[in-house]
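Sequence first, predicted model second:
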Amino acid sequence: MWRKRIANTLSLGALVWAMIVLVAIVNTVGAARTGKGWGNALIAIAMVVACSLVPWIRAATLRAESKRRDRLDGTLTIDEWGVTRIAGERREAVAWKELAQVRIRTTSDGPAAEDMFFVFEGADGKGCVVPNRLAVTKRLLTVLQERLPALDNKEVARAAGVCTEAWFTIWKRAPRSQPDA
């Protein structure tokens, strides 16, 4: 069992780092013994320091990217009233009772940028646009499937597979019947 644990903890990156450390040690010891080759020893030591910083730099970069995306995506509230998204100074909201249709907008911007958006359109012309990344974190599709029984899951699946500019209507309020005169 301990062998499996050791094998799982060793990665290619750790092995490369260990080899660089070994080269740095050998160069430094050789330079100390002969008095020559200090340039190579210093280069090897610099490589050890640089490789030691890579995980820290990668983690800091990921944190910064996550903060940037959170700032762009904003926050999403799904409650009994409706759907509200706040991103910076912008506040978009639509009440469930005012909801006229829900569509998905796809773009060709992916995979580096968001390329799928849920678009909530109210009968009053107001609405709310939710990036898919934010929708996934808040389990928006599950809520829509529970609240909107006529949701077209086939259209959702089609939209998820598209990487071009397109619109998919996944739910539309049934027309209200007019009373007889």
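Noted; the coordinates are in hand.

for the spatially most central residue of the chain, what are its contacts?
By Cα atoms, centre = their mean, the chain has its centre lying nearest to R133, at 5.5 Å. R133 is in contact with R69, D73, E114, counting by Cβ atoms under 8 Å, 6 or more residues apart in numbering. For every residue, glycine as well, the C-beta is placed using N, CA and C.

what does E80 give?
W96.

Equivalent analysis for G127, please.
G127 makes contact with E92, V94, V119, F120, E121, according to Cβ under 8 Å, 6+ apart.

Of the contacts of R133 - the most surrounded one?
Within these, neighbour counts (other Cβ atoms under 10 Å) peak at D73, which reaches 18 neighbours.

Give me the distance between it and A113.
Per Cβ to Cβ, to the nearest Å, D73 is found 12 Å from A113.

Ok, M47 next?
For M47, the distance to A113 - Cβ to Cβ - is 35 Å.

quick one: which of these two has more around it?
Legend: neighbour count by other Cβ under 10 Å for M47 and A113, higher for M47 (15 against 10).

give me the element the more buried one is part of.
helix 38-73 (DSSP states H and E).

picking up where we left off before, just checking, next helix/strand downstream of the helix or strand encompassing the residue nearest to the centre of the chain?
Secondary structure from DSSP H and E places R133 in helix 132-137. Under the assignment DSSP H and E, the closest C-terminal helix or strand after helix 132-137 is helix 140-147.
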